[in-house]
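A.B. asks: Predicted model, plus sequence, below.
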Amino acid sequence: MKAIFLDIDGTLYRSSDYEQHLLTSSVMVIAECLGIDRAEAFKKLYETKKIHKTVSKSVEVLGIDRRKFYSLLAENVQPCRYLSPDPSLKRFFAEVRDRRLFVGLHTNSGKKLALKVLGCLGVDDGCYDALVTSDDAEPKPSLEGFRLLLSMAGVSPEEALYVGDRCEVELEPAKRLGMRTAEIHTSGCPYADIHLNSLQELLSII
Ligand SMILES: [Mg+2]
């Protein structure tokens with residue numbers, strides 16, 4: 001194995017309080033963009049996401065420019081209220097990079113929000129080699145970002161492991177491309193080769 005690609009939210013950290021804050025903020029931004037009240041915006045997001053699986057796709061279906069949405073969201077969201085530097089995460093990245101593996105981060109967020117979240121976790125750009133956001137490629141489950149990561153790492157899919165917490169949205173496309181896959185903090189995904197309870201567990205496998 002030559003590269004590890006990791007999802008950010010729900011994979012590098014777990015926080016139901018931040019998730020709730022993110023949802024509330026997303027609804028606020030959608031309400032503002034569409035000129036509707038928050039209850040209606042919540043209903044629209046809920047119903048659209050049931051069909052389209054991701055917030056990124058849902059906002060587009062609702063007629064909102066994805067980049068505008070994430071830019072407004074990044075201004076409104078305050079992740080450091082809920083997330084704090086995680087020394088074990090830093091150690092994980094240091095160990096993985098000691099093993100000369102290419103580390104790519106992959107999120108459907110825009111770059112500004114992704115960097116804000118990583119900053120709160122104490123993950124600086126010395127921890128990883130590449131960051132692919134929905135500013136750089138079509139969001140997951142589109143294969144575009146997965147392919148971009150592979151080309152940035154200069155590896156074939158068989159040489160890469162994808163780690164994520166969403167079965168249909170990220171592990172399925174990664175598997176379809178031929179990557180090895182690890183599900184984290186969830187279980188039962190048919191596209192996952194391995195199951196992890198923590199990133200530390202991964203260090204004993206690779
Ligand atoms: Mg996730």
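C.D. replies: Cool, the structure landed.

A.B. asks: Could I get the full set of helices for this protein?
C.D. replies: For the chain, the helices defined by DSSP state H occupy 16-34, 38-52, 55-61, 66-76, 87-98, 111-121, 144-153, 172-177, 199-203.

A.B. asks: tell me which parts of the protein are close to the ion?
C.D. replies: When proximity is defined as C-beta under 5 Å from the ion, the chain approaches the ion at 7, 9-10, 165. Bear in mind the C-beta positions are built from the backbone N, C-alpha and C, glycine included.

A.B. asks: 8 Å instead?
C.D. replies: Within the chain, the residues that sit near the ion (C-beta under 8 Å from the ion) are 7-11, 107, 164-166, 169-170.

A.B. asks: which one of those sits closest to residue 43?
C.D. replies: Proximity of the residues of the chain next to the ion to residue 43, judged by C-beta to C-beta, is greatest for residue 169, which lies at 21.9 Å.

A.B. asks: Who are the contact partners of the closest one?
C.D. replies: Contacts for residue 169 were tallied using C-beta atoms under 8 Å, 6 or more residues apart in numbering; they are 53-54, 140-141.

A.B. asks: What's the ChimeraX syntax to select whichever of the residues you listed are buried?
C.D. replies: Per 16 or more other C-beta atoms under 10 Å, the buried members of the contacts of residue 169 correspond to this ChimeraX selection:
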select :54,140,141
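
A.B. asks: Output the contacts of residue 169 in JSON lines, with pLDDT and distance to residue 69 appended to each entry.
C.D. replies: Listed next are the contacts of residue 169 as JSON lines, based on pLDDT from 0 to 100; distance: C-beta to C-beta, whole Å:
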{"residue": "53", "pLDDT": "93", "distance to residue 69": "16"}
{"residue": "54", "pLDDT": "95", "distance to residue 69": "12"}
{"residue": "140", "pLDDT": "97", "distance to residue 69": "16"}
{"residue": "141", "pLDDT": "97", "distance to residue 69": "18"}
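
A.B. asks: Which of the contacts of residue 169 sits closest to residue 26?
C.D. replies: Using C-beta to C-beta, the contacts of residue 169 come closest to residue 26 at residue 54, 11.5 Å.

A.B. asks: For the ion, what is the nearest residue in this structure?
C.D. replies: In the chain, the residue that lies nearest the ion is residue 10 (3.5 Å; C-beta to the ion).

A.B. asks: ok so, going back, save the helices of the chain as a markdown table, and put in mean neighbour count too.
C.D. replies: Converted to a markdown table, the helices of the chain look like this (neighbours: other C-beta atoms under 10 Å):
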| stretch | mean neighbour count |
| --- | --- |
| helix 16-34 | 17 |
| helix 38-52 | 15 |
| helix 55-61 | 21 |
| helix 66-76 | 18 |
| helix 87-98 | 15 |
| helix 111-121 | 20 |
| helix 144-153 | 19 |
| helix 172-177 | 20 |
| helix 199-203 | 17 |
